[in-house]
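J.: can't give you the sequence, but here's the structure:
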């Protein structure tokens with residue numbers, strides 16, 4: 001009785017292919033570190049603009065925008081917990097946004113106030 005061999009080829013969302021079957025494993029290639037870094041940046045960018053994060057960005061921008069154009073609390077925030085309280089979100093929700101903004105150079109906190117900088121670039125994104 002002849003034994004039939006099955007081969008499996010699957011495609012990931014990143015375009016990588018995975019081969020399973022006798023002799024096919026050598027076709028598999030590990031994801032390059034460049035691809036991993038690029039995917040990580042895309043994921044971080046998407047998280048930066050989640051609905052909740054967009055709300056917190058509006059809260060940070062509100063003091064700079066006339067009240068008739070943006071309805072949001074209008075304070076200057078001194079810490080992540082202060083922002084979370086003003087925006088009505090948890091500190092655990094606000095902290096990753098602040099960390100990401102700081103990491104990407106969009107947050108200045110030198111004078112004790114959370115202040116968005118490079119706003120034009122942030123808005124283009």
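T.: Thanks, I have the structure now. Only a predicted model underlies this, so the values are computations on that prediction, with no experimental measurement involved.

J.: so what pLDDT did residue 48 get?
T.: With respect to pLDDT, residue 48 has a value of 76.

J.: can I assume it is in contact with residue 100?
T.: Yes: assessed by C-beta atoms under 8 Å, residue 48 is found in contact with residue 100 at 5.4 Å. From N, CA and C alone the C-beta is placed, and that goes for glycine too.

J.: looking at the two, which one has more neighbours?
T.: Legend: neighbour count by other C-beta atoms under 10 Å for residue 48 and residue 100, higher for residue 48 (19 against 16).

J.: gap between that one and residue 57?
T.: 9 Å (C-beta to C-beta, to the nearest Å).

J.: same question, residue 111
T.: Residue 111 sits 20 Å away from residue 57, going by C-beta to C-beta.

J.: and what of residue 102?
T.: 14 Å.

J.: of those two, which one has the most company?
T.: residue 57 (21 against 13).

J.: not counting its neighbours along the chain, what's nearest the more buried one?
T.: Of all residues not flanking residue 57 in the chain, residue 116 sits nearest, at 7.3 Å (C-beta to C-beta, 6 or more residues apart in numbering).

J.: that neighbour and residue 55, how far apart?
T.: 14 Å.

J.: what of residue 89?
T.: Distance from residue 89 to residue 55, by C-beta to C-beta: 7 Å.

J.: please apply the same query to residue 71.
T.: In terms of C-beta to C-beta, residue 71 sits 11 Å off from residue 55.

J.: now swap in residue 69 and tell me
T.: Residue 69 is 16 Å from residue 55, by C-beta to C-beta.

J.: please, where are all the strands along this structure?
T.: Using DSSP state E, the strands of the chain run over residues 8-11, 17-20, 107-108, 115-116.

J.: please name every helix or strand in contact with the last one.
T.: It stands for strand 115-116. helix 51-61, strand 107-108 (3 or more C-beta pairs under 8 Å, 6 or more residues apart in numbering; DSSP states H and E).
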